[in-house]
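Asker: would you be able to build a 3D model of this:
(chains A, B and C)
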Amino acid sequence: MRRRAIRDEPLIFERNPKRTRRQGILIPALDVPEVEPAAVLPADQVRGALSDIPDLGELEVVQHFHRLSQLNYAVDEGLYPLGSCTMKYNPRLNERTARLPGLADVHPLQPVEQVQGALRLIWELEEALKGITGMAGVTLQPAAGAHGELAGILMVRKAVEARGGGRDRVLVPDSAHGTNPATAVFAGFEAVEMPSGDDGTVDLAVLDRMMTDRVAAVMLTVPNTLGVFEHRIVDIAELVHRRGGLVYMDGANLNAFVGRALPGRMGVDAMHINLHKTFSTPHGGGGPGAGPVVVSEALLPHLPVPRVVRDGERFTLLEEDPASIGPMRGFYGSFLVLVRALTYIRGLGAEGLREMAEVAVLYANLIRHRLRDAYHLKYDSPSLHEVVFDDSRQAEHGVHNTDIAKRLLDYGFHPPTMSFPLIVHGALMIEPTESAPPEEVEAFCDAMLAIAREVEDSPEQVKTAPHDTPVRRVDEVRAARQLVVRWRPGDASSP
Amino acid sequence: MPAVPEDLLYARSHEWVRVEGDVVVVGITDYAQDQLGEVVYVELPDVGRSVDAGEEMGTLESVKAVSEMISPVAGEVVAVNEQLASEPNLVNEDPFGDGWLVKISGSVDEDLLDAAAYRQHCAEEKESH
Amino acid sequence: MHPWVGAGPEDRGAILRELGLDSVDELFAALPASVCTDRLPLPGPRDEDAVFGELAGMALANLAMTCHPSFLGAGVYRHVQPSVVDSVLSRAEFFTSYTPYQPEISQGTLQAIFEFQTLIAQLTGLDVANASLYDGATALVEAVLFSHRVLRGKRRRVVLAESVHPVYRRVLATYTDPLGLEVMTVPPGADGRVDPARMAAAAGEACCVVVQSPSFVGTVEDLPAVAEAASRGGALVVQVVAEATSLGLLAGGGAHGFDVVCGEAQAFGIPAGFGGPHLGFFACREGNVRQMPGRLVGRTVDEEGRRAFCLTLSTREQHIRRGKATSNICTNQGLMALAATVWLEALGGTGLAALARSCLARSEALKARVRQLGSGWSLAYPAAPSYNEFLVVGPRPGPELARQMAAKGVLAGVPASRWGGSWPDGLLVAVTERTSAADIDAFVAAARGVS
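Answerer: This next block holds a predicted model:
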């Protein structure tokens, strides 16, 4: 709850309405002759003045963004228990290393002799991720988890081609995140939905029936989106391999078992890792993330290019390889994000990484224990780093998971993930991560229990939440029906 | 309780059908619009398109979900409800009237349900949730 | 125990007791023994100085552009990085927050993105822009897939100017191959510019016609002519922009009838960072907004009538649409979009135009000096208009020019033939508002010294 007044902050375009001239950035003084643009550029392309972008002084800009920032909740403020998002602490050390001029002010197209440090950094992170997962190879190129997933499935496609083709479909459990079938389609496969067992795990009989010689791969999430570990993973992988297929693992939930289990021993052929989840790089309000993909021997030849190659103490770049799927994006990866991940891995070290997963799992189980009388736990299987409840008890009072989420905002917490996975109606997916002190986790449980009591005693409080946030419940229907996605001159300052 | 007019026929995928000579009018039911939530956009098929019974011919979008619009009959699309482009809310407010979706020249077959059978179908669906 | 793990040993013990467990191992019982390990093959934990020292050592093994006159461009440009940008990005409320799915407590992020969308729309001259994409290369990919969708999947050909960045074109191939799209590449003319008639000739069967302006070789294309010629065949016309500050001086393709303007906005105050993270952008016409990939922020109200912002049209995205999503992308480059927004808003309209004019003036000054060099030096396309980048030919091949000039302390440019291409094997030379007269002198001196 805010204890002081916060002003509404206008759009930047509403500031300096008279459009007087001010200066926010002083650029270097011109020490060469001025040139009239129309004299050297096509006159019909030289633009007029950009009068819709106001000129502002530096403090004015700082204040604009300072006030906007005050409207946001953040990890630094409190628990962010979003299931499958792993909203952990972003260590400040990461921010220092990422700003080293020798890393930030380096151009990707400088000759390799000039960038040995950068190439080494990439190589070191590659080795670390291979060690953490027990896998044979890795690419750090993808810019996000979904991007990594696409890279993984494109590698599967290339492998299928190399083996003679004939496989045009991918099996995806019905509990999977929407990116999984979307990725399969983008890679030119047909995504075939595979019904899960009762607890969201793979039903071996179903897999046996569906794993034909037209199936290129199975996409699994381990632990699955219900937080349950696929304990027959080795059998699953063996079956798939025996039938000539490959195993893709969605690594979004890696925080559950780092330091304990190795995907490389599970029979996984490709797995994407979310550096902005498991390895603490900041979420940044929606990016930039990074989605490296670790691979087995089977997919090694198909890794994207360019690749860093080590030759003794010297590093070079391999730009082309006909067996590769090609580049997924410009250059080598979101390098300054990679810097942060390597910083984190070096800081925690082998023991710290294992401890990280242990505490993440301990906290999730503590929450499960404290909330299971008040909220319905659909599946009784053990939870690892996240726990999934549903709103079925609260629904009896006409209160749904969205309402619970909005009421949690009044208690000063970010809500859990909702309405996902799809196989759980009215889901509340809670992942505390390992970063918070136990008191914060307990306070979250207290808030959830208080809300459960409110649902029985005064459900209207919950149904009309939030009451204490900078804006109240937002009309998302109107946003879609009356689409306004930019400011235009003449827009009213108020709605 | 969702409305289920007696004089209409229904598909299991929650479309309703009203026969008007050799054209059928198609929309989604009150039960369907309630499940979907506030409709923000309707993607309608092109006039002139041929459709089969059971084929997807468009979509209905709410803020959080997308629902397929399944043709309950085989035939050719002869008209679409252009008003829905600016007033998609009609699907929620008047699903059997002004919220109609398409008109198809074609005839119904025995696979469609009457009102009683459709009510039963909805009750069974609710149970399995 | 570790500073980044919230519970210490006593805390863990207390939780275990509350759960009625003896050891945390019991919580991992579902993991089969055959997949487990006791210790990762990594070094142990290290204090901040040790970690920082290792990373700083790697940084020192690089030749940063900070230390030398740099004329490197080819898609990554070195513009001013005012302190205010990093200061805003360092606010924890911006960098440690999540995607704004709960709008009630994310209005800061949402409003900033709405401002970014507005700025991109204004600069490109189109109606709407999204909340950003990964980078320029993937923005091109999205533009091609978008065009394919808008035309209902009925046209499978893409007409692409060869002078679109070679890296972007290679990335495009990664995506078009599995989808069976056919890419036709049209080389530039002798003047370094694309021939609109040649582009149009193949456009009848194409879902899109794509040019980059300013091009990979620095030439400013005749955008009105390209749009006019290419749109006759019914294809969508796409402009790719790799140097975003060019939009401070040159109107974006929206003003000339282009259907999409997309590309890379790293030039808006984002560090080169050895290639990432950067900032893709995408803008299109209002009528096609439902096919637009990526996140989108919309304006609305809350239940008390206050103006508010929220993510909208999410049903295009894959977490809902699943197999029928408009794109694989389900994120934006949040913090980078914020950086660009701060940078543009701090510069203001007047400042951005002044910055772009400064780039032009400095670039023309260097071009004039190159014209006077003699000894085998010349501009590859002397008659073509350019903004802040141009192709220079010297007495040796491009890579050798770069090597010799680097030995004299000048990062003279990117060899244009690094990825092949129908242009001379010279150096792509980029100039920005940070390039001083002394830097230009240093370039010329180093060039004279090439043997």
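Asker: distance of whichever residue of chain B sits closest to chain A from residue A:250?
Answerer: Nearest to chain A in chain B, going by C-beta to the nearest C-beta, is residue B:40, at a distance of 3.5 Å. C-beta coordinates here come from the backbone N, C-alpha and C atoms, glycine included. Per C-beta to C-beta, to the nearest Å, residue B:40 is found 30 Å from residue A:250.
Asker: what of residue A:63?
Answerer: Counting by C-beta to C-beta, the gap between residue A:63 and residue A:250 amounts to 42 Å.
Asker: which one of the two has more residues nearby?
Answerer: Shown here are residue A:63 and residue A:250; by other C-beta atoms under 10 Å in any protein chain shown, residue A:250 has more neighbours (28 against 15).
Asker: excluding its backbone neighbours, what's nearest that one?
Answerer: Among residues not flanking residue A:250 along the chain, residue A:221 sits closest, at 4.1 Å (C-beta to C-beta, 6 or more residues apart in numbering or on different chains).
Asker: burial check on that neighbour, number of neighbours?
Answerer: The burial count for residue A:221: 23, using other C-beta under 10 Å.
Asker: did I read that right, residue A:185 in a strand?
Answerer: No - Residue A:185 is assigned helix when assessed by DSSP: H, G, I helix; E, B strand; the rest coil, not a strand.
Asker: wait, what's in contact with the residue lying closest to residue A:389 once chain neighbours are set aside?
Answerer: Once flanking residues are discounted, residue A:389 sits nearest to residue A:375: 4.0 Å by C-beta to C-beta, 6+ apart. Neighbour list for residue A:375: A:389, A:390, A:391, A:393, A:394, A:428, A:448, A:452 [criterion: C-beta atoms under 8 Å, 6 or more residues apart in numbering or on different chains].
Asker: can you give the contact residues for the helix or strand harbouring the first one?
Answerer: Assignment of secondary structure by DSSP states H and E places residue A:389 within strand A:387-390. Taking contacts as C-beta under 8 Å, 6+ apart, the residues outside strand A:387-390 that touch it are A:83, A:225-227, A:364-365, A:367-368, A:371-372, A:375-379, A:401, A:421, A:424-430.
Asker: again, only this time at 7 Å
Answerer: By C-beta atoms under 7 Å, 6 or more residues apart in numbering or on different chains, the list of residues contacting strand A:387-390 from outside reads A:83, A:226-227, A:364, A:367-368, A:371, A:375-378, A:424-430.
Asker: try stretch A:480-495
Answerer: Under the criterion C-beta under 7 Å, 6+ apart, residues A:10-11, A:13-14, A:52, B:40-41, B:63, B:88, C:117-118, C:121, C:128, C:289, C:296-299, C:301, C:305, C:307, C:312-313 lie in contact with stretch A:480-495.
Asker: below-threshold pLDDT in chain B: ranges please.
Answerer: Counting by pLDDT under 70, chain B shows low-confidence ranges at B:128-129.
Asker: enumerate the residues of it near chain A.
Answerer: Counting by C-beta under 7 Å from any C-beta of the partner chain, the positions of chain B adjacent to chain A are B:38, B:40, B:41, B:63, B:64, B:88, B:129.
Asker: and those residues, which are buried?
Answerer: Neighbour counting by 16 or more other C-beta atoms under 10 Å in any protein chain shown classes B:38, B:40, B:41, B:63, B:64, B:88 among these as buried.
Asker: right, I'll leave it there.
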